[in-house]
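A.B. asks: Show me how the following folds:
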Amino acid sequence: MARGATLAGCIGVWALAAALTAVAGCSRAEPPPPIAPPVKDQAWVQLTDRGAEARLITAASACPSATVGGAALPMQPRAGPSADFPLTVCQVSLPKGAKTIVVAGQTLPAPVDTPKRIVIFGDTGCRLKGADVQDCDRTNAWPFATVATLAAAHHPDLVIHVGDYYYRESPCPAGRAGCEGSPWGDNWASWSADFFAPAAPLLAAAPWVLVRGNHEDCDRGGPGWFMLLDGGVAPLACPATAAPMAVDVGGLTLYVLDSSATNDRQAPPNLVAMFAAQLDALKTHPPTGEAWILTHRPIWGLTPVAKVGPVGPLEVSLNATEQAAARGRDLSAVAMVISGHIHHFASFAFHGDRPPQLIVGTGGDVGEPADSPKFIQGPVGLDGMGADRFGFDRYGFLLLDRTATGWVGTFYDVRDKPIALCRLTGRQLACHAAPAGSQKKP
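C.D. replies: As a prediction, the model looks like this:
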């Protein structure tokens, strides 16, 4: 979620630059980003509305062949090298039922017909934006690598990332040892540091479904997103909205919707129309079984804006644009909406005809100052409907296991300790704190 620096914060961080340079607002002359590290071959499998595909980032100028089921399949170039991305991105569609996949010497996880275990998280990058700074070099301050390693050890069949990969928007402040020398800007060095390097164990463990976040909008990391991770057959040029995808995973349809540009507080008609067009995927590609909506900004959520003593945080409702687009629309086929954007865990089980909302923005970026690791639960009102809310602010990931009657979820923190338990049966979602002292793994 965006956490803009104030003018006072900018002045505090850039006092020397302000004394030497005429500054308008918070603008300044930026030093060049560090030289990008050598590109190492990085391969993974991701699911799209066309099926599964293998992708490869390589320093080579030509794409190799993938070996799938013992047969060679030539990979096609997705994007070539540029000043900011001195690499080649390759891709190849995988035949349904592929069991063995080898790309550039890396054995990749094959998609399973019916995923039984799914890892979910989002908002994973390390924040460097003016005065708003994380210590990217310290795992206790930026734990995404820990989250990815622990999640991989649970052997998921599928990983869902609900958006916000790129956070290194400005240089590490001078003298800040925790992020000294960090890359910044929408370039390969930043994307490697923010996502590909820490995610490597989990990229090797399971195929992924990738959702565009607001940090991948065209004012931030849009070009990198479209080149590297977007599910489209070819990269789009900014400004652009990613096309909605209906991804089938064994009878479960995942509707991947682009909410990167929706407005949290207002509902401008053009943005309402844009998200309404995303929701139209439910009509053009109706589900044949269970369906979830995956979109970065939650349609319904509460974000803390101020601490109010023992009463708890003062919260405001999100997302005005999406709520306007969804209002009056038939969402009866949707069993759950899954999002990130707010950097905590939250579930909302509504009292009326509305799918539950799950928020898992817990992958590594800093939370809001008013948020709390304490469990918050009880009735709330959202967009004219009551709901039972449960939530907390901690780093970690949600593991969903398929059962005969639905899904059972466990949220694990950065110690691999179960913190919360969830159950989804039909459209009924119930989450609560795990029993004290629980260390049991599924």
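A.B. asks: any chance you could map the helices in the stretch 51-200 of the chain?
C.D. replies: 144-153, 188-191, 197-203 (DSSP state H, counting those that start in this stretch).
A.B. asks: who wins for proximity to Leu318 among those?
C.D. replies: helix 144-153 (23.2 Å; CB to CB). For every residue, glycine as well, the C-beta is placed using N, CA and C.
A.B. asks: what does that closest one contact?
C.D. replies: Contacting residues not belonging to helix 144-153 are listed as 119, 121, 124-126, 139, 159, 197-202, 204-206, 362-364, 395-397, 399, 412, 414, 416 [CB atoms under 8 Å, 6 or more residues apart in numbering].
A.B. asks: Would you list the buried entries among the residues you listed?
C.D. replies: 119, 121, 124-126, 139, 159, 198-200, 202, 204-206, 362-364, 395-397, 399, 412, 414, 416 (16 or more other CB atoms under 10 Å).
A.B. asks: still on that earlier bit, among the helices of the stretch 51-200 of the chain, which is the most enclosed?
C.D. replies: helix 188-191 (a mean of 24; mean count of other CB atoms under 10 Å).
A.B. asks: helices or strands next to that helix in the packing?
C.D. replies: Applying 3 or more CB pairs under 8 Å, 6 or more residues apart in numbering; DSSP states H and E, we find helix 188-191 packed against helix 222-228.
A.B. asks: remind me which residues of this structure are low pLDDT?
C.D. replies: Residue ranges of the chain with pLDDT under 70: 1-37, 437-442.
A.B. asks: Let's see that with 50 instead.
C.D. replies: 2-31, 439-442 (pLDDT under 50).
A.B. asks: can you give me the strands in the stretch 1-150 of the chain?
C.D. replies: Secondary structure of the stretch 1-150 of the chain (DSSP state E, counting those that start in this stretch): strands at 42-48, 51-58, 65-68, 71-74, 76-79, 88-93, 101-103, 106-108, 117-121, 128-129, 132-133.
A.B. asks: For the helices of the stretch 51-200 of the chain, give me JSON lines that also has distance to Leu358.
C.D. replies: Putting these into JSON lines (distance: least, CB to CB, whole Å) gives the following:
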{"stretch": "helix 144-153", "distance to Leu358": "17"}
{"stretch": "helix 188-191", "distance to Leu358": "27"}
{"stretch": "helix 197-203", "distance to Leu358": "20"}
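A.B. asks: Of the ones you listed, which is nearest Phe390?
C.D. replies: Here helix 144-153 is closest among those (CB to CB), at 20.6 Å.
A.B. asks: How far off centre is that closest one?
C.D. replies: Relative to the mean C-alpha coordinate of its chain, helix 144-153 is positioned 15 Å out (CA atoms, centre = their mean, to the nearest Å).
A.B. asks: what angle sits between it and strand 117-121?
C.D. replies: If you take axes from the mean of the first three to the mean of the last three CA atoms, to 10 degrees, helix 144-153 sits at 170 degrees to strand 117-121.
A.B. asks: Could you look over the strands of the stretch 1-150 of the chain and pick the most buried one?
C.D. replies: Taking mean count of other CB under 10 Å, strand 117-121 is the most buried of the strands of the stretch 1-150 of the chain, at a mean of 24.
A.B. asks: Parallel or antiparallel, list what pairs with that strand.
C.D. replies: If you go by DSSP bridges, strand 117-121 pairs up with strand 158-161 (parallel), strand 396-402 (antiparallel).
A.B. asks: Can you name the residues in contact with the last one?
C.D. replies: Yep, that's strand 396-402 we're talking about. So strand 396-402 is contacted by 114-121, 147, 150-151, 154, 156, 345, 358, 360, 362-363, 407-414, 419, 422, 424, 442 (CB under 8 Å, 6+ apart).
A.B. asks: The first one too?
C.D. replies: Contacts of strand 158-161 from elsewhere in the structure, counted by CB under 8 Å, 6+ apart, are 47, 111-112, 115, 117-122, 124, 151, 202, 205-211, 249, 254, 294, 338, 363.
A.B. asks: Tabulate the strands of the stretch 1-150 of the chain (TSV), appending distance to Gly163.
C.D. replies: Output for these, formatted as TSV (distance: least, CB to CB, whole Å):
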stretch	distance to Gly163
strand 42-48	14
strand 51-58	18
strand 65-68	27
strand 71-74	30
strand 76-79	20
strand 88-93	20
strand 101-103	25
strand 106-108	23
strand 117-121	10
strand 128-129	17
strand 132-133	19
